[in-house]
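> Predicted coordinates and the sequence they were generated for:
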There are 2 protein chains.
Amino acid sequence: MEVTRKNFKDCLNSVYTAIEEADFLAIDGEFSGISDGPNVSALTNGLDTPEERYTKLKKHSMDFLLFQFGLCTFKYDQSESRYITKTFNFYIFPKPFNRTSPDLKFICQSSSIDFLASQGFDFNKVFCDGIPYLNQDEEAQLREQSEDRRNQHANGVGTPSFISPSSKGPAHVPEEHKDYINKVIEKVEALFTNAGKTLDLDPCTGFQRKLIYQTLNWKFPKGLHVETVETEKKERFIQISKVDDEERKRREQQKLEREQEELNDAVGFSRVIHAISKSAKLVVGHNMLLDVMHTIHQFYCPLPEDLQDFKEVTMCVFPRLLDTKLMASTQPFKELITNTSLAELEKQVKETPFKSPRVEAAEGFPSYNTAKEQLHEAGYDAYITGLCFISMANYLGTFLTPPKPYISARSKLIEPFFNKLFLMRIIDIPYLNITGPDLQPKRDHVLYVTFPKEWKTSDLYQLFSAFGNIQVSWMDDTSAFVSLSQTDQVQIAMNTSRYAESYRIQTYAEYIQGKQQDKEKLGQP
Amino acid sequence: MEVTRKNFKDCLNSVYTAIEEADFLAIDGEFSGISDGPNVSALTNGLDTPEERYTKLKKHSMDFLLFQFGLCTFKYDQSESRYITKTFNFYIFPKPFNRTSPDLKFICQSSSIDFLASQGFDFNKVFCDGIPYLNQDEEAQLREQSEDRRNQHANGVGTPSFISPSSKGPAHVPEEHKDYINKVIEKVEALFTNAGKTLDLDPCTGFQRKLIYQTLNWKFPKGLHVETVETEKKERFIQISKVDDEERKRREQQKLEREQEELNDAVGFSRVIHAISKSAKLVVGHNMLLDVMHTIHQFYCPLPEDLQDFKEVTMCVFPRLLDTKLMASTQPFKELITNTSLAELEKQVKETPFKSPRVEAAEGFPSYNTAKEQLHEAGYDAYITGLCFISMANYLGTFLTPPKPYISARSKLIEPFFNKLFLMRIIDIPYLNITGPDLQPKRDHVLYVTFPKEWKTSDLYQLFSAFGNIQVSWMDDTSAFVSLSQTDQVQIAMNTSRYAESYRIQTYAEYIQGKQQDKEKLGQP
Ligand SMILES: Nc1nc2c(ncn2[C@@H]2O[C@H](COP(=O)(O)OP(=O)(O)O)[C@@H](O)[C@H]2O)c(=O)[nH]1
Ligand SMILES: Nc1nc2c(ncn2[C@@H]2O[C@H](COP(=O)(O)OP(=O)(O)O)[C@@H](O)[C@H]2O)c(=O)[nH]1
């Protein structure tokens, strides 16, 4: 189901229901770009530490916009041994809430935009009809402001937040506005004596409106309701109504309710994420680290500096995560699945030894035909991710005695895969461990090599040709990590390089030490 | 006429013709955002110097994308006393030329996007069908690369730019690829002995393709044409053909021609700007400083640091500019035109003393109906801008004896308006003078005031209430320029403020001096 600003409010209850009744959820996001840096490969070195990778992704990816969010809920139907799915495809855009709300800027990367365009992505739906959102701070701030105003009204002190230090007496009206303001006062005095109930002033500037508010608050503390109204042409004018006390209260109550509703509208899509979070259900994604980072960044809070803090926030927002790319790259799936990209994974789990689960779309929800490709629509990708998870989980059931054809999302069998997010292209650390310390592989067999920028991979192969197989992880134009196949070759390589002029070799330990020293130097004044 | 990547090549000649035959051109751009800074008003202080304003706009506006360019050409038809117009609305997007071309990032500002969305702007047309472009450096670089390759081919030395230092002998083939490469060699040897003419290898990695190129270049320097071909699924494989020398040359010629064509495609929309530039025709725009800056930045070169250099580049690219907003704000129009926004100006020049010119769209071009608003489509805005220019120019003719109803774009009467670009919201410098030094208004009556961030405009009015009318130009939360109505009040204000604690007053001269000193300090190590 496609969800935009136009039908969001109508859909929200059905989203809540779908989350509540689900056994597990699958999610996927589409972004306006992936990497802000010089190139993606520089950002994903094969020997990054988890801290380095997190820092790079945070620095170079968070200014893009998550503008489509796919949610697919899976509910097991025991009697029919099938899953019932509800797929939602949310279009998301930070439409400014009002003229004083922050005017968000986001980066687009032309390759990503071009890629989505070639997949038929509908940018108009995002930019014209995207659902707005607020993070927790922005929401809290708005609620507080509204609360303050409510209290002030209740105490009958007007709206002091608008009153500047110098205007705690009658408003100071600059010379050139005096005529104008005096005419307004005359009109209001006339309003009190004649039969009419309301008075519409002509459109005027914000400053004039401010003067009017201040003057009327001061001169007529009772009996008036003053409000700014917007015409269809977006011109703003002031409407003044004669009211008795009861009527005044009723109007203010109405105004507050309208405000509350506007506030909820502004929180917008974040309410869906809050619901997912509160449900504490298993959330499945494919290669989901960036999805998780963007989701938290956009709908909860700016990402923390520190990886450990990020892990803690993540556990608050998504207490149970499962990454199907990590699952597919782990025993016993590793041997069976040669290519773990989502499209390939989906094909492979349709073949033996896997079994396609029985899945049906709930009534009123679109049923996808997995034969005809629709990849890279977030809702569809979330759906496919869920299917892959089910097939792999059920495969684990075949090892039980007796074998079980259905493994639930609560089964102990899948716990080993919980909260481990796939780390792209890191040679020796397959995942980020959200609920504990990360793996610390030995890197004794790794060399850090610097060389002239003319060098290619083949030059490195040539240089190390005496050492058998090597693995090259480029850092930038003039440096790379080279992993030797045996640790005892390291010393030989270091020795032979001693007198080299065009290149330089350090051990991994020396490299890390140098980096640490650089960092300490920077830390000092 | 709407021009996208799909019809760009077909339209290009008609664009060239339209420019060549025109008496003058009108342009307009739409951007993905206006200002990257905290807020627009901070960026446009009423007492900016032209240098300051240029630096701010350059720093805070150039990372947005000019993604729609409107061009309307106006040709005077003497016999019928009317203008014939051709309007083009170009959609522009930096689609990466190939996989090695720079992957451009640009910023979007949600308020701008939202505004365009509300006007029915078609983002899909931009992102899916936008015309690509290159600036002059990028173009030169590509042409050079292609030239190099041509020369190498002509000298029969193969393509050494691909050959790395270590492979000036036979290619070094890493152990794990030896089998694969040997099989390829066998296949090629078989190709020489059998009847077939071409051999398609299976898709393989870029690195394997490189090895194949190097190996075959070395082993079979003659008699083969080797080429990378892409399948519909974007898989790349190598095609090897047996060819005699003549055939080989013919194929290489074909390849070069294809490359030239691809290169022209990549230069794309920049060719339109080149044509406008070469024509040296009068280019009319409304409030066109940002349009000019973006056009140069995107299609010519990154903007220079220095305002003087910017003026010189501008004169090379657009030797004759006219800004209708500046024209409308200048004598004799100033008295007649109360609101110089494009929409209002357009309404006002339809009324006396102005006359609407006779204008008709050329055959095959859309004719706009100015009664029904279509503002904020770049082509339409360019069209309207041209109309305003004509009406204002013709009005100048009414002062001649005898009065002339038609004033051409070459008339001496409009020369005073040439190359002066409107400066938004600067109190005392109406325009940026592209062809000479800028106005240097006296600012003796201006004070620079700093104060606590709780202060509002009214506090400043209060503070200076003894001095009659003042004008406030906010700098940021805690500072503003205050212009007094009389210079001799400055000393009095300075004296009374001597013992003030909550605020501080400096003369404008002191302020400028302080800024200069800060700058010098920064320049020193
Ligand atoms: N003293 C006072 N000022 C107000 C009140 N409401 C609005 N203002 C001021 O009047 C100005 C115009 O308000 P409004 O008509 O809502 O337009 P906007 O602020 O331009 O969106 C605002 O900038 C406020 O500073 C009020 O209740 N009391
Ligand atoms: N020595 C040599 N290498 C080539 C030639 N053409 C391409 N290559 C190399 O082969 C690699 C694969 O080239 P190609 O098939 O065009 O794919 P791509 O570079 O991945 O776009 C490139 O990265 C080049 O380094 C050639 O004519 N000679």
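Alright, I've got the coordinates. Ligands and ions are numbered 1, 2, ... in the order given.
> Spatially, what comes nearest to residue A:11 if we skip its sequence neighbours?
residue A:3 (5.1 Å; C-beta to C-beta, 6 or more residues apart in numbering or on different chains). From N, CA and C alone the C-beta is placed, and that goes for glycine too.
> which residues touch the one you found?
Shown in contact with residue A:3 (C-beta atoms under 8 Å, 6 or more residues apart in numbering or on different chains): A:11, A:15, A:88, A:89, A:90, A:91, A:131.
> OK, contacts around the residue nearest the centre of chain A?
In chain A, the C-alpha nearest the mean C-alpha coordinate belongs to residue A:295, at 2.2 Å (C-alpha atoms, centre = their mean). Contacts for residue A:295 (C-beta under 8 Å, 6+ apart) come out as A:27, A:29, A:66, A:69, A:273, A:317.
> Counting neighbours, what do you get for whichever residue of chain A sits closest to ligand 2?
At 7.9 Å from ligand 2, residue A:456 is the closest residue in chain A, using C-beta to the nearest ligand atom. A total of 17 residues lie near residue A:456 under the criterion other C-beta atoms under 10 Å in any protein chain shown.
> now residue A:259
15.
> Do you know the pLDDT at it?
On pLDDT, residue A:259 comes in at 85.
> where along the stretch 101-250 of chain A do the helices fall?
Assignment of helices within the stretch 101-250 of chain A using DSSP state H, counting those that start in this stretch yields the ranges A:110-118, A:123-129, A:136-154, A:175-193, A:206-219, A:245-267.
> May I see the contacts of residue A:3 arranged in a markdown table, with secondary structure, pLDDT and neighbour count as well?
Output for the contacts of residue A:3, formatted as a markdown table (DSSP: H, G, I helix; E, B strand; the rest coil; pLDDT from 0 to 100; neighbours: other C-beta atoms under 10 Å in any protein chain shown):
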| residue | secondary structure | pLDDT | neighbour count |
| --- | --- | --- | --- |
| A:11 | helix | 96 | 19 |
| A:15 | helix | 98 | 21 |
| A:88 | strand | 97 | 23 |
| A:89 | strand | 96 | 24 |
| A:90 | strand | 98 | 26 |
| A:91 | strand | 98 | 26 |
| A:131 | strand | 97 | 26 |
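> quick one: which of these is nearest residue B:243?
Relative to residue B:243, the closest of the contacts of residue A:3 is residue A:89; by C-beta to C-beta it sits at 51.6 Å.
> circling back to that earlier point, which ones among the contacts of residue A:295 also lie next to chain B?
Applying C-beta under 8 Å from any C-beta of the partner chain to the contacts of residue A:295, one finds that nothing falls near chain B.
> Name the nearest of the residues you listed relative to residue B:217.
For these, the minimum distance to residue B:217 (C-beta to C-beta) is 45.1 Å, reached by residue A:29.
> how far away is the closest one from ligand 1?
Between residue A:29 and ligand 1 the computed distance is 34 Å (C-beta to the nearest ligand atom, to the nearest Å).
> before we move on, what about residue A:269?
Taken as C-beta to the nearest ligand atom, the span from residue A:269 to ligand 1 is 25 Å.
> Who are the contact partners of that residue?
A:8, A:69, A:90, A:92, A:131, A:132, A:133, A:299.
> Quickly run through the sheet partners of the host helix or strand of the second one, with directions.
Secondary-structure element containing residue A:69, defined by DSSP states H and E: strand A:66-77. Strand pairing for strand A:66-77, determined by DSSP bridges: strand A:24-31 (antiparallel), strand A:82-91 (antiparallel).
> now those as TSV including distance to residue B:467?
As requested, the strands paired with strand A:66-77 are exported to TSV (distance: least, C-beta to C-beta, whole Å):
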stretch	distance to residue B:467
strand A:24-31	55
strand A:82-91	55
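> Point out the most buried one among the ones you listed.
Among these, strand A:24-31 has the highest mean neighbour count (mean count of other C-beta atoms under 10 Å in any protein chain shown), at a mean of 26.
> could I get that strand in CSV with only the CA atoms?
Provided in CSV are the C-alpha atoms of strand A:24-31 (Å, rounded to 0.1, in the frame of the first residue of the first chain):
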residue,chain,number,x,y,z
PHE,A,24,7.9,-10.0,12.7
LEU,A,25,8.5,-6.9,10.6
ALA,A,26,10.7,-6.3,7.6
ILE,A,27,12.0,-2.8,6.6
ASP,A,28,14.0,-1.2,3.9
GLY,A,29,14.9,2.4,3.1
GLU,A,30,15.8,4.3,-0.1
PHE,A,31,18.1,7.3,0.2
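> and it, how far from the chain's centre?
Strand A:24-31 sits 10 Å away from the centroid of its parent chain (C-alpha atoms, centre = their mean, to the nearest Å).
> what about the helices in the stretch 301-450 of chain A?
A:307-317, A:324-328, A:342-348, A:378-397.
> Tell me which of those helices sits most buried.
With neighbours taken as mean count of other C-beta under 10 Å, these reach their highest mean count in helix A:324-328, at a mean of 26.
> which strands and helices sit next to that one?
helix A:342-348, helix A:378-397, strand A:420-422 (3 or more C-beta pairs under 8 Å, 6 or more residues apart in numbering or on different chains; DSSP states H and E).
> Quick one: residues contacting residue A:410.
By C-beta under 8 Å, 6+ apart, the contact set of residue A:410 is A:23, A:282.
> how near is it to chain B?
Going from residue A:410 to chain B by C-beta to the nearest C-beta, to the nearest Å gives 40 Å.
> So for the helix or strand harbouring residue A:519, what gets flagged as buried?
Here residue A:519, judged by DSSP H and E, is contained in helix A:508-523. Across helix A:508-523, burial judged by 16 or more other C-beta atoms under 10 Å in any protein chain shown covers A:508, A:511.
> who does that helix touch, helix- and strand-wise?
In terms of contacts (3+ C-beta pairs under 8 Å, 6+ apart), helix A:508-523 is packed against strand A:446-450.
> Burial check on residue A:301, number of neighbours?
Neighbour tally, residue A:301, other C-beta under 10 Å: 14.
> okay, it: pLDDT?
Value for residue A:301, per-residue pLDDT: 95.
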